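Q: one predicted model, sequence on top.
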Amino acid sequence: MRPADLIEFKRSGKLITILTAWDSLTASIVQAAGADVVLVGDSLAMVALGYATTLPATLEQMLHHTKAVERGFSGPSKEHPLLITDLPFLSYQCGEDKAVEAAGTLIKNTCAKAVKLEGAEPEVIGVIKRLIRMGIPVMGHLGLTPQSVHKTGYSRQAEDPISQEKLRVQAIELEEAGCFAIVLEHIPSSLAKDLRSKLSIPIIGIGAGNNCDGQIRVTADLLGLTQKQPPFSPALISGHQLCVEALETWVKKQRHQAKNPTKEVTQPESD
Ligand code: KIV
């Protein structure tokens, strides 16, 4: 699948599902779950590397983790989910040449077929146009943009009519610049619905209601693995708790067997 094929999904009314992955294990799980697209989001800085924000993610880390994710896919490559990777903070904010080098490094050394970046300031629009001219497809990201956390916090964006109009204009600019899709994070669902009908490229929501062309989630959030659950992305299972309980049982059993070495345990253990 190519990035532009997602526009065909929208035309034919097929919902687009996108899950994040940060290593081979999660990649194999989200592929088996049938996600259309896998995003190596810079949220990996928080989910997998333990940072408080996405800001510390580096290009080297994104490259390392994107390679790990692609190694987790199985079967013929034409059956793999579409792989997209995030441009981390400071890899595209310092000019177009640097952005082409960063995006090109990710595309050249991995199977990712597109990059995602945040915002729609005039400089970012310039970067997007240049990347697309250089043959690198781009997915936009508006609303709550975690790389701007120190400006906006993590609260819901576009709450008042002025900021809603600003976001509408920015989304249209992203489409005109050539983005093949836009992620809308943590905004009113009425605004996402409005943009879905205005734009011909897919609107991919997270905390933006059900009236979107696609939905994206951070896999660790859905699995209940993260310590701080975003209010707009509830967990499907208590993954952290389930893992702790399973491993705790194993630890206790080992200690018990060490204290009571009455019989030699051979594989497989029956109890
Ligand atoms: O980094 C990420 O995981 C993301 C999603 C939340 C859209 O950008």
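A: Arrived safely.

Q: every contact and neighbour count from this point should use C-alpha atoms.
A: Noted.

Q: number of residues surrounding the closest residue to the ligand within the stretch 151-271 of the chain?
A: Residue nearest to the ligand within the stretch 151-271 of the chain (C-alpha to the nearest ligand atom): Val218, separated by 5.3 Å. Applying other C-alpha atoms under 10 Å, we find 22 residues neighbouring Val218.

Q: surely it touches Thr17?
A: No - with contact defined as C-alpha atoms under 8 Å, Val218 does not reach Thr17; the gap is 11.6 Å.

Q: which one is Thr58 nearest to, not counting chain neighbours?
A: Leaving aside its chain neighbours, Thr58 sits nearest to Pro88 (6.0 Å; criterion: C-alpha to C-alpha, 6 or more residues apart in numbering).

Q: ok, now how distant is the one you found from Pro261?
A: Going from Pro88 to Pro261 by C-alpha to C-alpha, to the nearest Å gives 52 Å.

Q: surely the residue nearest to Thr58 touches Gln61?
A: No - taking C-alpha under 8 Å as the definition, Pro88 is not a contact partner of Gln61, at 9.2 Å.

Q: out of the two, which sits in the busier spot?
A: Between Pro88 and Gln61, counted using other C-alpha under 10 Å, the more crowded position is Pro88 (27 against 16).

Q: what pLDDT is listed against that one?
A: With respect to pLDDT, Pro88 has a value of 98.

Q: who touches it in this structure?
A: Shown in contact with Pro88 (C-alpha atoms under 8 Å, 6 or more residues apart in numbering): 42, 54-55, 57-59, 62, 117.

Q: how about Asp42?
A: 54, 57, 62, 86-88.

Q: redo these as TSV? Include distance to Ala27 and secondary structure.
A: Listed next are those as TSV, based on distance: C-alpha to C-alpha, whole Å; DSSP: H, G, I helix; E, B strand; the rest coil:
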residue	distance to Ala27	secondary structure
Thr54	20	coil
Ala57	19	coil
Met62	14	helix
Asp86	15	strand
Leu87	19	coil
Pro88	20	coil
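
Q: as JSON lines, those residues with distance to the ligand would be great.
A: JSON lines is the format used below for the contacts of Asp42 (distance: C-alpha to the nearest ligand atom, whole Å):
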{"residue": "Thr54", "distance to the ligand": "7"}
{"residue": "Ala57", "distance to the ligand": "10"}
{"residue": "Met62", "distance to the ligand": "11"}
{"residue": "Asp86", "distance to the ligand": "7"}
{"residue": "Leu87", "distance to the ligand": "9"}
{"residue": "Pro88", "distance to the ligand": "9"}
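
Q: return the member of the residues you listed nearest to Glu8.
A: Nearest to Glu8 among the contacts of Asp42 is Asp86, at 22.6 Å by C-alpha to C-alpha.

Q: what sits closest to the closest one if chain neighbours are left out?
A: Distances taken as C-alpha to C-alpha, 6+ apart place Lys116 nearest to Asp86, at 4.7 Å, with adjacent residues excluded.
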